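Peer 1: Take a look and give me a structure for this.
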Amino acid sequence: MLNVALRVAIAATGRTQKDVAKRAGINQWRLSRIVQNDVTPTPVERARLARILGKPVQELFSEAAGRP
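Peer 2: Numbering: from 1, shown residues only. This is a model prediction of the structure:
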């Protein structure tokens, strides 16, 4: 199931997944898998992504975040 909140937050910045991944210190493949909910981000990855995207961690990675 797609993490809709994360995908929307990335799109709202006007940045590419590649740019966001680079800023978060992870590779683009891993960010893509996180957005697709194929892998679980580490707590550090969650915090970095939330900071970069200007959103609370809970807003991006709660159970409800994946729902449209």
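
Peer 1: As PDB, could you dump the C-alpha coordinates of stretch 45-53?
Peer 2: Below are the C-alpha coordinates for stretch 45-53, written out as PDB (Å, rounded to 0.1, in the frame of the first residue of the first chain):
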ATOM      1  CA  GLU A  45      15.300   8.100   8.200                       C
ATOM      2  CA  ARG A  46      11.800   9.000   9.500                       C
ATOM      3  CA  ALA A  47      13.100  12.000  11.400                       C
ATOM      4  CA  ARG A  48      15.300  13.200   8.500                       C
ATOM      5  CA  LEU A  49      12.400  12.900   5.900                       C
ATOM      6  CA  ALA A  50      10.000  14.700   8.300                       C
ATOM      7  CA  ARG A  51      12.500  17.500   8.800                       C
ATOM      8  CA  ILE A  52      13.200  17.900   5.100                       C
ATOM      9  CA  LEU A  53       9.600  17.900   4.200                       C
END
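
Peer 1: Now find how far off-centre that stretch is within its chain.
Peer 2: Centroid separation between stretch 45-53 and its chain, computed with C-alpha atoms, centre = their mean, to the nearest Å, is 7 Å.

Peer 1: So what touches it?
Peer 2: Taking contacts as C-beta atoms under 8 Å, 6 or more residues apart in numbering, the residues outside stretch 45-53 that touch it are 6, 9-10, 12-13, 20, 23-26, 31, 34, 41, 56-57, 59-61. (Each C-beta comes from the backbone N, C-alpha and C, glycine too.)

Peer 1: Just to check, residue 61 is in contact with residue 34?
Peer 2: No: Residue 61 is not in contact with residue 34 according to C-beta atoms under 8 Å; the separation is 9.1 Å.
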